[in-house]
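Colleague: here is a sequence with its predicted model. Questions after.
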Amino acid sequence: MSDALAIGDGIFQITVPMSHNPLGSTLIYAMESPNGIVLVDAGWDGDEGWDGLTGGLESVGHSISEVEGVVLTHFHPDHTGLCGRVREASGAWIAMHQADHEMFRLMSSPHDEAWVTEQVQNLANAGAPADARDAFAALGHSAPAGPQSAPDRTLADGELIKLAGRDLKVVFTPGHTPGHACFYLEDADVMFTGDHVLQKTTPHVGNFTYPLEERDALAEFLGSLDHVQSMGITRGLGAHGTPITDLPGRAKELIAHHEERLEHLYDAFGDDEITLWEVAQRMKWYRPWGEFHPLAQNMAMSEAAAHLRHLVARGKVVQLPGTEPARFARR
């Protein structure tokens with residue numbers, strides 16, 4: 001257990017560990033509210049995380065029973081997992097943007113045989129070979145968050161969350177997830193950026209369903225980055241890593257990174273007609289494709305699908321009619 005960090009401006013940062021995950025922890029932020037404490041996110045469910053959250057609050061003279069509400073940046077389990085325990089201990093409300101409520105429901109539903117079959121079919125439609133499909137099916141699959149952590153309140157863009165003598169403003173920033181939201185604390189010139197903008201990490205942007213769905217996740221993400229950049233907010237506090245000292249500058253860097261990835265992927269097509277699986281193999285990754293764990297391959301496929309979908313939307317790549325699994329080529 002570690003003590004909460006007093007950042008200043010009445011903000012406390014609590015490190016909620018998840019040692020099973022490469023990220024290591026989620027950073028939770030606590031501020032005083034009219035009836036206690038409001039948290040930005042809650043952390044991964046588990047005794048390790050619970051001890052980190054409760055101990056962090058106690059280190060600054062507060063108790064988990066004082067939590068009035070939790071505002072969630074998005075539905076992922078390292079942000080929502082402990083919400084059920086927080087609500088049971090304090091009666092807190094749990095709030096999330098409407099666009100992520102359904103995503104949470106799907107994530108927390110049983111990952112049974114039917115779910116696995118659907119995912120394997122998705123891989124087949126994308127052109128994944130039989131050995132890759134079998135490797136994914138052989139993994140143990142369980143829902144990463146329970147329904148007890150489901151949000152009971154909906155957040156809207158521009159909504160104000162009451163704090164003690166000030167407000168926290170909801171800023172809708174879709175991309176990393178359909179309903180991702182940041183939270184702007186105007187009097188401190190700081191935005192809680194969740195997984196939308198991180199100082200040292202490029203957030204995952206993906207939408208691996210097949211055929212490619214209409215949602216252009218990368219377009220959403222780039223648009224949200226442009227919006228945050230235009231707000232002129234100096235500081236950002238993300239859910240992982242170090243504070244962001246130049247939020248507009250970091251948003252600009254992330255936009256440039258994805259433009260570079262799109263250009264590289266477009267060039268990687270050459271004159272070939274390739275499947276989504278082959279698109280993923282040709283993208284730049286932090287290690288060779290063949291070394292990816294099956295779950296990491298699935299995440300990479302999601303990222304590849306988002307970039308491919310965006311190239312299609314820009315009119316630079318076309319899906320070839322009558323191909324199964326579907327193939328794509330440069331225009």
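Modeller: That came through fine.
Colleague: ranges for the strands of the stretch 51-200 of the chain?
Modeller: In the stretch 51-200 of the chain, strands defined by DSSP state E, counting those that start in this stretch lie at 67-71, 93-97, 153-155, 160-162, 167-172, 181-185, 190-194, listed in chain order.
Colleague: OK, contacts around the residue nearest to residue 315 when sequence neighbours are not counted?
Modeller: Here the nearest residue to residue 315 in space, its sequence neighbours aside, is residue 331; by C-beta to C-beta, 6 or more residues apart in numbering that works out to 6.6 Å. Every C-beta, even on glycine, is put in place using the N, C-alpha and C of the backbone. Under the criterion of C-beta atoms under 8 Å, 6 or more residues apart in numbering, the contact partners of residue 331 comprise 315, 316, 317, 318.
Colleague: neighbours of the nearest residue to the second one once chain neighbours are set aside, how many?
Modeller: Going back to what we said before, that points to residue 316. With sequence-adjacent residues excluded and distances taken as C-beta to C-beta, 6+ apart, residue 316 is closest to residue 266, at 5.7 Å. Residue 266 sits with 15 neighbouring residues when counted by other C-beta atoms under 10 Å.
Colleague: show me where pLDDT drops low in the stretch 101-250 of the chain?
Modeller: The model of the stretch 101-250 of the chain has pLDDT under 70 over residues 208-213.
Colleague: among the contacts of residue 331, which lie within strands?
Modeller: Counting by DSSP state E, the members of the contacts of residue 331 that fall within strands are 317, 318.
Colleague: export the contacts of residue 331 as TSV, with columns for distance to residue 288.
Modeller: Output for the contacts of residue 331, formatted as TSV (distance: C-beta to C-beta, whole Å):
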residue	distance to residue 288
315	31
316	26
317	24
318	29
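Colleague: which residues of the chain fall in helices?
Modeller: Here the chain has its helices, by DSSP state H, at 47-59, 77-80, 83-90, 98-108, 113-125, 130-137, 217-230, 247-269, 276-282, 294-313.
Colleague: wait, which of the ones you listed is closest to residue 35?
Modeller: With C-beta to C-beta as the criterion, residue 35 lies closest to helix 83-90 of the helices of the chain, at 10.2 Å.
Colleague: now the closest one, how far from the chain's geometric center?
Modeller: Distance of helix 83-90 from its chain centroid, counting by C-alpha atoms, centre = their mean, to the nearest Å, is 22 Å.
Colleague: and what of stretch 87-107?
Modeller: Its chain's C-alpha centre and that of stretch 87-107 lie 15 Å apart, by C-alpha atoms, centre = their mean.
Colleague: residues in contact with that stretch?
Modeller: By C-beta under 8 Å, 6+ apart, the residues outside stretch 87-107 that reach it are 36, 64-72, 74-77, 80, 83, 86, 143-145, 147-157, 161, 170, 172, 174, 177-181.
Colleague: buried subset of those residues, written for PyMOL?
Modeller: Burial among the contacts of stretch 87-107 is assessed by 16 or more other C-beta atoms under 10 Å; the matching PyMOL selection reads:
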select buried, resi 36+64+66+67+68+69+70+71+72+74+75+76+77+80+83+86+145+149+150+151+155+161+170+172+174+177+178+179+180+181
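Colleague: isn't residue 299 right up against residue 204?
Modeller: Yes. In this structure, residue 299 sits in contact with residue 204. The criterion is C-beta atoms under 8 Å, and the distance is 6.6 Å.
Colleague: against residue 83, how distant is the residue nearest the centre of the chain?
Modeller: In the chain, the centroid-proximal residue (C-alpha atoms, centre = their mean) is residue 176; its distance is 4.7 Å. Separation of residue 176 from residue 83 (C-beta to C-beta, to the nearest Å): 19 Å.
Colleague: burial of residue 277, as a residue count?
Modeller: 20.
Colleague: among the helices of the chain, which is the most enclosed?
Modeller: Taking mean count of other C-beta atoms under 10 Å as the contact definition, the stretch among the helices of the chain with the greatest mean neighbour count is helix 77-80, which reaches a mean of 26.
Colleague: which other helices and strands contact that one?
Modeller: If you count contacts as 3 or more C-beta pairs under 8 Å, 6 or more residues apart in numbering; DSSP states H and E, helix 77-80 packs onto no helix or strand.
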